[in-house]
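Colleague: Okay, here's the prediction I keep looking at, along with the sequence it came from:
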Amino acid sequence: MSLRTLRIATRASRLALWQAEFVANQLEAPDLDVQLVHVTTTGDQVTGAPLSGLGGVGVFTREIQQAVLDNRADVAVHSLKDLPTVPVAGIQLAAVPVRAAPWDALVLPSGSTRLCVELRDLPPAARVGTGSLRRRAQILHVRPDLQFQDVRGNVDTRLRKLDEGAYDALVLAEAGLDRLGLADRITVRLTPPDIFPAVGQGALGLECRGDDRFTAERLRRISDVATFAAVTAERQVLNWLRAGCHAPVGVAVTINAETMSLEAVVLSGDGKQRLYARHSGQLAEPNALGEAVADDLLRQGAAPLIAGAAAN
């Protein structure tokens, strides 16, 4: 039997490699030779500036997608929360495997003895490390006294800075910590109604060329129908709001058999204003559900909040 090579484009960070290797293991088959292709993205090259200063959208995905378009790779593996909702010509989102935990996590310095079971237990004016406008706005809505500092770099770098005293607390994605074997660093899981996750958080997005039927078929074998429907609804909220993946928008989906409920929040950058919407719909019609939630938020005044946050 002749082997067909399937090349996976991935960033070279420890977390990105974990994700790519996970996908490679899922795709493993007697007729496939799965290889990883390392790609450096704009977000990897420029580590000293906030993501918003780099244009924000697509800084971790553009070069990986280009590697697929240029036929240097066949599959692009993304953290789905980093993947813009605007389609790229010649690329299709072919699969989304089973999702990991979508929640954010609050992490205290190693060895901390402070009792902390929720955001409200942080000391007054505590310094919180996060570069996410969505996280900042939601945390400020709960704790307007907290101070924020931008944090860039891989997970290990961020934790090292936390332990060295750069911050009093750090906010990271639970899925990333869990995938790296660092779940024991989680102090508090941040969940609704206080903190809603980013669109697609905890999920992986697998892309291939639009005309590559072989690769698309292999990717669909490892896709999860419910997860794909959930993230499709979430991404349609962002798309309908005309908001980028770094906008102050949070979402959460609950699936029950053939139906799902979608909740979403939009906040002002300072966290003082917060809009909320919740709708239910069919698992088979995720775009309609996302549009219904987004329309509700737009009627409440979401557009100026999103525009104002992007301008600051």
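Modeller: Noted; the coordinates are in hand.
Colleague: could you pull out the helices for the stretch 101-250 of the chain?
Modeller: In the stretch 101-250 of the chain, the segments counted as helices under DSSP state H, counting those that start in this stretch are 133-142, 155-163, 174-179, 213-220, 225-241.
Colleague: Show me what the third one is packed against.
Modeller: Judged by 3 or more C-beta pairs under 8 Å, 6 or more residues apart in numbering; DSSP states H and E, helix 174-179 is in contact with helix 14-27, strand 104-107. All C-beta atoms are positioned from the backbone trio N, CA, C, and that covers glycine.
Colleague: what's the closest of the ones you listed to Ser79?
Modeller: With C-beta to C-beta, the closest approach to Ser79 among these belongs to helix 14-27: 7.0 Å.
Colleague: in that closest one, what counts as buried?
Modeller: Across helix 14-27, burial judged by 16 or more other C-beta atoms under 10 Å covers 15-16, 19-20, 22-24, 26-27.
Colleague: If we only consider those, which is nearest to Gly269?
Modeller: Leu15 (27.3 Å).
Colleague: Wait, that closest one touches Arg179, no?
Modeller: Yes - in this structure, Leu15 is within contact of Arg179 by C-beta atoms under 8 Å, at 6.3 Å.
Colleague: hmm, back to that, can I get the helices of the stretch 101-250 of the chain in a markdown table including distance to Glu63?
Modeller: Formatted as a markdown table, those follow (distance: least, C-beta to C-beta, whole Å):
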| stretch | distance to Glu63 |
| --- | --- |
| helix 133-142 | 23 |
| helix 155-163 | 21 |
| helix 174-179 | 20 |
| helix 213-220 | 19 |
| helix 225-241 | 21 |
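Colleague: Let me know which of those is the nearest to Asp270.
Modeller: Closest approach to Asp270 among the helices of the stretch 101-250 of the chain (C-beta to C-beta): helix 133-142, 6.1 Å.
Colleague: who's in contact with Arg189?
Modeller: 103-106, 174 (C-beta atoms under 8 Å, 6 or more residues apart in numbering).
Colleague: which residues does the spatially most central residue of the chain contact?
Modeller: Centroid check for the chain by C-alpha atoms, centre = their mean gives Lys81 as the closest residue, at 2.4 Å. Applying C-beta under 8 Å, 6+ apart, we find Lys81 in contact with 173, 197-203, 245.
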